[in-house]
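Asker: Build me a structure from this.
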Amino acid sequence: MSYTDFAQYYDGLMQNAGYPERAEYLCALLRHFHHEPGETLDLACGTGTLTLELKKRGFSIFGVDASVDMLTQAQAKAADCGEQILFLHQRMQRLELFGTVDTVLCTLDSLNHLATPQDVQETFVRVARYLEPGGLFVFDMNTPYKHREILGDNIFLYDTDEVYCIWQNHYQPSGCRVHITLDFFARDGALYRRSGESFFERAYETEQIHAFLQKAGLRCVGTFAEQSFQPPAADTQRIVYVAQKPNF
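Answerer: Got it, this is the predicted structure:
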């Protein structure tokens with residue numbers, strides 16, 4: 001998935017994502033597990049906003065994303081901030097690094113965008129391969145509850161300074177998938193230019209995620225409701241998972 005048009009408008013549509021708060025939460029989460037971040041990978045970094053927030057907080061961090069257009073935005077953003085950050089163009093399930101890392105982060109339901117359970121499993125295998133023993137893999141995923149009850153077959157409208165967006169969902173119970181269609185209308189002189197993007201998100205039960213992690217050689221050491229240290233509830237929309245690579 002290239003996310004060509006989505007990349008152009010992503011930051012505007014995600015302006016309420018609360019990146020500084022997310023960065024602070026991740027820092028607190030790592031402290032909770034007495035883990036020094038060390039060399040850190042921001043997996044599926046998108047336009048690099050969270051990468052930059054963590055860099056400002058002293059992280060030695062680099063980013064990986066499958067979208068060239070997203071990475072172009074990330075690189076320009078880093079340059080504007082006077083930061084030098086390495087950004088690599090790779091798919092999660094084909095991750096290849098030159099060395100190991102101490103921490104891998106993957107946020108904002110990026111893993112839900114993988115097409116199949118096999119893609120999720122292979123991503124976990126790749127992460128485990130490049131994690132140092134004792135390293136942490138912190139990621140979040142949208143829940144089946146969110147797909148079924150919140151996204152469902154609903155339509156959302158976004159009106160920003162640069163674009164008007166119609167976000168349409170079509171829920172598919174088989175595989176707990178949501179087909180998402182985005183239509184963008186951007187002003188071009190006296191007219192509006194229309195473009196669009198279409199992709200799927202797939203949700204998994206917690207037990208499935210634990211099984212994927214175990215098969216990859218990782219141990220789940222914590223699950224939390226998003227942006228909290230509370231256990232997930234039946235109506236939790238996004239779950240944060242903390243997995244660790246054993247020291248042996």
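Asker: my guess is N154 meets N169, correct?
Answerer: Yes - judged on C-beta atoms under 8 Å, N154 makes contact with N169 at a distance of 5.5 Å. C-betas here are computed from N, CA, C, even on glycine.
Asker: So those two - more neighbours on which side?
Answerer: Higher neighbour count among N154 and N169: N169, with 17 against 13, using other C-beta atoms under 10 Å.
Asker: how close does that one get to L111?
Answerer: Distance, N169 to L111, using C-beta to C-beta, to the nearest Å: 18 Å.
Asker: Check G134 too.
Answerer: G134 is 22 Å from L111, by C-beta to C-beta.
Asker: Quick check on those two: which one has the bigger neighbour count.
Answerer: L111 (26 against 12).
Asker: just checking, the more buried one is part of a helix?
Answerer: Yes - under DSSP: H, G, I helix; E, B strand; the rest coil, L111 sits within a helix.
Asker: Apart from its chain neighbours, what residue comes closest to it?
Answerer: Distances taken as C-beta to C-beta, 6 or more residues apart in numbering put M141 closest to L111, at 5.4 Å, once the chain neighbours are dropped.
Asker: so the one you found bridges to which residues?
Answerer: I239 (DSSP bridges).
Asker: And the pLDDT at it?
Answerer: M141 is assigned 98 on the pLDDT scale.
Asker: Give the burial count for it, as a bare number.
Answerer: M141: 25 neighbours (other C-beta under 10 Å).
Asker: what's it in contact with, if anything?
Answerer: D109, L111, N112, A203, Y204, I209, R238, I239, Y241 (C-beta atoms under 8 Å, 6 or more residues apart in numbering).
Asker: I figured the second one was touching V120, is that so?
Answerer: Right, L111. Yes - L111 sits in contact with V120 when judged by C-beta under 8 Å, with a separation of 6.1 Å.
Asker: dump the residue contacts of A17.
Answerer: By C-beta under 8 Å, 6+ apart, the residues touching A17 are T49, L108.
Asker: What of D235?
Answerer: Contacts for D235 (C-beta under 8 Å, 6+ apart) come out as Y145, E149.
Asker: host element of E207?
Answerer: Assigned by DSSP states H and E, E207 falls within helix 206-216.
Asker: Understood, closing this out.
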